[in-house]
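> Turn this into a structure:
(one chain, ligands or ions: 1)
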Amino acid sequence: MDKFVIQGNGPLSGEIAAGGAKNAALPILCASLLSDAPLTLTNVPNLRDVGTTGQLLEQMGVRVEHPDAHTRVLDASGITTCVAPYELVRTMRASILVLGPLVAARGEAHVSLPGGCAIGARPVDLHLMGLKAMGAEITLEGGFVHAKAQKLKGARIVFDTVTVTGTENLMMAAVLADGDTMLENAAREPEVVDLARCLRAMGAKIVGDGTTTIHIQGVKKLHAAEHRVLPDRIETGTYLAAAATTRGKVRITHTDPGLLDAVLVKLQQAGAIIRTGLDFIELDMHGARPKAVNLHTMPHPGFPTDMQAQIMAMNCLAEGVGTIRETIFENRFMHANELLRLGADIRVEGNTAIITGKARLTAAPIMATDLRASASLVIAALAADGETIIDRIYHMDRGYEHIEQKLAALGAQIRRVDKLL
Ligand code: UD1
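Numbering: from 1, shown residues only. Purely as a prediction, here's the structure:
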């Protein structure tokens, strides 16, 4: 199993480019199921989850071409099966995103239930509730969701919890339904907006994305389209947090500062000087130690749960005491125990972590537990004294493209090894 060996060596400094957003690419790849005409996607990040989604679609009979590393051309005209098997779904919960498009376009879907995951129960009841409201017949059997509908009907759907993939699944289902659908208390994440943009390019009629009410007018058919995936705000934020933690100075290009408002505010509170342009963000700590920040995670435009672990790592080395409250997922502090192994001072009480910053952390062997937790461990290791070995970094490969190369470009000493000599 691959590991990272990281030698803490001072401030990160330099310039790197952000890639396309994983969480936008995944639903958009699934949107190809809605049409018999080709969908061309650019700025697709080359990540394990994207590969898994490609495999999932290919085993259904979708043709997936890779003209280059970041482009995909998908053609679902020859689809042969509407089954998403457990082997693929269990490695990536986002596989549930094929459910809405399959029922809408093919009249049926058989998708393995994702089951529990490392960061909490994460049910899909709201996805199913919405499809039922649109007239689908849903049964659960053998660990699978079976959904059937000759033709979905538009409906008014009120989410009692804000769900990102739930909103995306039902938005995709609604574009081919008979009549109008209103999604109320919809997720406002930029990735939802990017999916809506792609669907509109395919001929869908959607308004209100980016607000809590999305109105979709069903159309008969979608057509060929081309779409560029938006930049990854979490990848961008992770490198900024790494720079802040190591007292560095970095410039991230090919990004969009407008996607990171809540994160930039926290970095500024930590003492970073931030300068932004249309497609870049510069962060400069002027060599100073970060100040601890308080935050609670919230649906967009609040502070994203996917950046919580990285800011916790920063707080571990900051001046003062920072409190982090996780309100989205019930079990998302697993990185805390690993950070303790590096000498951090963290007290977890329920969904709140109280972090007292230390002047230094010291290297130790540690283990990644999920995607964003692994990012926080890398950040802490970059700032720790000595050589840290991080195990199970396959989590990292789900969401960060070329992380070693990008960090090395900022001056980090990081290498990937498959066994330790
Ligand atoms: C998406 C993101 C993930 C991010 C999360 C929250 C993708 C592929 N993943 O995950 O990176 O951390 O949003 O921003 O985009 N819930 C229910 N019932 C449901 C669905 C969700 O109770 O049917 C609850 C969840 O348990 C959780 C909350 O709603 O407590 C938010 O989850 P949700 O927004 O659905 O997360 P994902 O879409 O899975």
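> Let's verify the residue lying closest to Leu264 once chain neighbours are set aside: helix, strand, or coil?
Leaving aside its sequence neighbours, Leu264 sits nearest to Ile274 (CB to CB, 6 or more residues apart in numbering; 5.4 Å). All C-beta spots, glycine's among them, are computed from the backbone N, C-alpha and C. What DSSP: H, G, I helix; E, B strand; the rest coil gives for Ile274 is strand.
> give the contact list for Ile274.
264, 267-268, 281-283 (CB atoms under 8 Å, 6 or more residues apart in numbering).
> near the ligand, which residues of the stretch 251-400 of the chain?
305-306, 328-329 (CB under 6 Å from any ligand atom).
> ok, back up a step: and the residue nearest to Leu264, how close does it get to Thr362?
30 Å (CB to CB, to the nearest Å).
> Ok, Leu295 next?
From Leu295 across to Thr362, the span is 26 Å (CB to CB).
> And for Gly78?
Gly78 is 56 Å from Thr362, by CB to CB.
> So which of the two has more stuff around it?
Thr362 (13 against 10; other CB atoms under 10 Å).
> Can you pull the phi/psi pair for the more buried one?
phi -130, psi 140 (degrees, to the nearest 10).
> same check, this time on Val83
Dihedral angles for Val83 - degrees, to the nearest 10 - are phi -110, psi 130.
> just checking, what packs against the helix or strand harbouring Ile28?
Assigned by DSSP states H and E, Ile28 falls within helix 22-31. The contact analysis (3 or more CB pairs under 8 Å, 6 or more residues apart in numbering; DSSP states H and E) places helix 22-31 against strand 39-42, helix 48-58, helix 164-174, helix 190-201, helix 233-245.
> What average pLDDT does the first one get?
Yep, that's strand 39-42 we're talking about. Mean per-residue pLDDT for strand 39-42: 98.
> ditto for the last one
For helix 233-245, the mean per-residue pLDDT is 98.
> again with stretch 110-126
On average, stretch 110-126 scores 76.
> Same check on stretch 342-350?
Stretch 342-350 comes out at a mean pLDDT of 97.
> Now do the contacts for the nearest residue to Ile389 once chain neighbours are set aside.
Spatial nearest neighbour of Ile389, excluding adjacent residues (CB to CB, 6+ apart): Pro365 at 4.7 Å. Residues in contact with Pro365 (CB under 8 Å, 6+ apart) are 341, 388-389, 391.
> Narrow those to those that are buried.
341, 388-389, 391 (16 or more other CB atoms under 10 Å).
> pLDDT weak spots in the stretch 301-421 of the chain?
By pLDDT under 70, the weakly predicted segments of the stretch 301-421 of the chain are 420-421.
> Can you list the residue ranges for helices in it?
308-316, 334-341, 371-383, 394-397, 403-409 (DSSP state H, counting those that start in this stretch).
> if we look at the last one, which residues are touching it?
Right, the one you point to is helix 403-409. 4, 12, 14-16, 239, 242, 378, 382, 396, 400, 414-416.
> Kindly reformat those as CSV and extend each row with distance to Thr163 and neighbour count.
Shown next, in CSV, are these (distance: CB to CB, whole Å; neighbours: other CB atoms under 10 Å):
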residue, distance to Thr163, neighbour count
Phe4, 32, 24
Leu12, 35, 27
Gly14, 38, 16
Glu15, 36, 13
Ile16, 32, 22
Tyr239, 28, 27
Ala242, 29, 27
Val378, 28, 26
Leu382, 33, 27
Met396, 25, 25
Tyr400, 24, 27
Ile414, 35, 21
Arg415, 39, 12
Arg416, 35, 14
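> so Cys82 sits right up against Met60, yeah?
Yes: with contacts counted by CB atoms under 8 Å, Cys82 reaches Met60, the gap being 6.8 Å.
> returning to what we had before: against the ligand, how distant is the residue nearest to Ile389?
Per CB to the nearest ligand atom, to the nearest Å, Pro365 is found 27 Å from the ligand.
> again with Leu88
15 Å.
> Need the per-residue pLDDT for that residue.
Confidence score, pLDDT, at Leu88: 89.
> I'd like the mean pLDDT over stretch 1-14, please.
94.
> Return the residues of the stretch 51-200 of the chain in contact with the ligand.
93-94, 120-127, 161, 163-166, 191.
> quick one, strands of the stretch 251-400 of the chain?
Assigned by DSSP state E, counting those that start in this stretch, the strands in the stretch 251-400 of the chain fall at 273-276, 281-284, 295-296, 321-325, 345-349, 352-356, 365-367, 387-391.
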